[in-house]
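Enquirer: this one's structure only:
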C-alpha cells in the first residue's frame with residue numbers, strides 16, 4: 001500500500017514512520033511521498049535523508065481548493081494519506097478524493113481537547129490523563145472515527161511540554177502500528193459515502 005505523508009513541521013511522527021519502514025515494521029505499507037505546505041519544514045529533510053520523494057507546496061497566496069488540487073495531483077498512486085503534524089484543515093474537496101483513506105494523529109484522547117495545543121488544554125483543564133488518538137479525518141477539526149487511542153497520565157508538575165513529550169513517545173509507536181494494520185487489512189477503513 002502506497003502511503004503519502006503530509007507534514008508541516010519538524011517531522012517526528014514522519015521519522016517514526018520512516019524508522020518503522022527501515023526496520024521492516026511498516027510492510028505491506030511503504031511511504032511513497034512526503035508533502036509539506038511549509039517549504040522550510042525540517043520534515044522535508046528527514047524524508048530526503050531517508051531517500052523518499054519530498055515536495056513542498058506552499059499554501060500561502062493560494063485558495064484552499066488550488067492548494068488541495070496540487071496536493072491531490074502529487075498524491076497520484078497513493079492509497080492512504082497520513083497527516084503527521086500537518087497544520088492545515090483539509091476540506092471536503094480534498095477528502096472526497098480519498099474517501100475514508102485519510103488518517104491523523106492528535107495528542108489527546110479525542111473528543112477531548114481538539115485543535116491546537118492539546119497538551120496545554122489538558123493541563124489548563126486539570127485533566128488527570130491525556131494521550132494520543134489516531135482517527136479517520138472528516139471535515140471537522142480533529143473529528144472522524146477513532147481507530148486507536150493510548151492513555152498517558154498527567155503527572156503532578158507536568159507542563160504542556162513535558163506532557164507532550166510523553167504523548168509523543170506513545171504517538172511514535174501507535175501511528176506506525178495503525179498504518180501497518182490498515183495496509184495489512186487488519187483495520188478496514190470504511191469509504192465515505
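Expert: Noted; the coordinates are in hand. Everything numeric in this text was worked out from a predicted model, so none of it was measured. Residues are numbered from 1 along each chain as shown.
Enquirer: Strands of this structure, start to end?
Expert: For the chain, the strands identified by DSSP state E occupy 2-7, 30-36, 54-56, 80-83, 102-106, 129-136, 146-153, in order along the chain.
Enquirer: can you put the ones you listed in JSON lines and add mean neighbour count, distance to residue 74 and mean pLDDT?
Expert: In short, each C-beta sits where N, CA and C put it, glycine included. As requested, the strands of the chain are arranged in JSON lines below (neighbours: other C-beta atoms under 10 Å; distance: least, C-beta to C-beta, whole Å; pLDDT from 0 to 100):
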{"stretch": "strand 2-7", "mean neighbour count": "24", "distance to residue 74": "8", "mean pLDDT": "98"}
{"stretch": "strand 30-36", "mean neighbour count": "22", "distance to residue 74": "6", "mean pLDDT": "98"}
{"stretch": "strand 54-56", "mean neighbour count": "17", "distance to residue 74": "6", "mean pLDDT": "97"}
{"stretch": "strand 80-83", "mean neighbour count": "24", "distance to residue 74": "11", "mean pLDDT": "98"}
{"stretch": "strand 102-106", "mean neighbour count": "24", "distance to residue 74": "14", "mean pLDDT": "97"}
{"stretch": "strand 129-136", "mean neighbour count": "23", "distance to residue 74": "21", "mean pLDDT": "98"}
{"stretch": "strand 146-153", "mean neighbour count": "16", "distance to residue 74": "25", "mean pLDDT": "97"}
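Enquirer: got those strands as a markdown table, with distance to residue 161 columns?
Expert: Rendered in a markdown table, the data for the strands of the chain read as follows (distance: least, C-beta to C-beta, whole Å):
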| stretch | distance to residue 161 |
| --- | --- |
| strand 2-7 | 21 |
| strand 30-36 | 23 |
| strand 54-56 | 28 |
| strand 80-83 | 22 |
| strand 102-106 | 17 |
| strand 129-136 | 13 |
| strand 146-153 | 14 |
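Enquirer: pLDDT weak spots in the chain?
Expert: 191-193 (pLDDT under 70).
Enquirer: What are the buried residues along the helix ranked longest in the chain?
Expert: Across the chain, the longest stretch assigned as helix under DSSP state H is helix 160-183. By neighbour count on 16 or more other C-beta atoms under 10 Å, the buried set for helix 160-183 is 160, 163-164, 166-168, 170-172, 174-180, 182-183.
Enquirer: Over to stretch 76-95?
Expert: Of the residues in stretch 76-95, those with enough neighbours to count as buried (16+ other C-beta under 10 Å) are 78, 80, 81, 82, 83, 84, 85, 86, 88, 90, 94, 95.
Enquirer: Isn't the fourth one up against residue 17?
Expert: So the one you mean is residue 82. Yes - taking C-beta atoms under 8 Å as the contact criterion, residue 82 and residue 17 are neighbours in contact, 7.1 Å apart.
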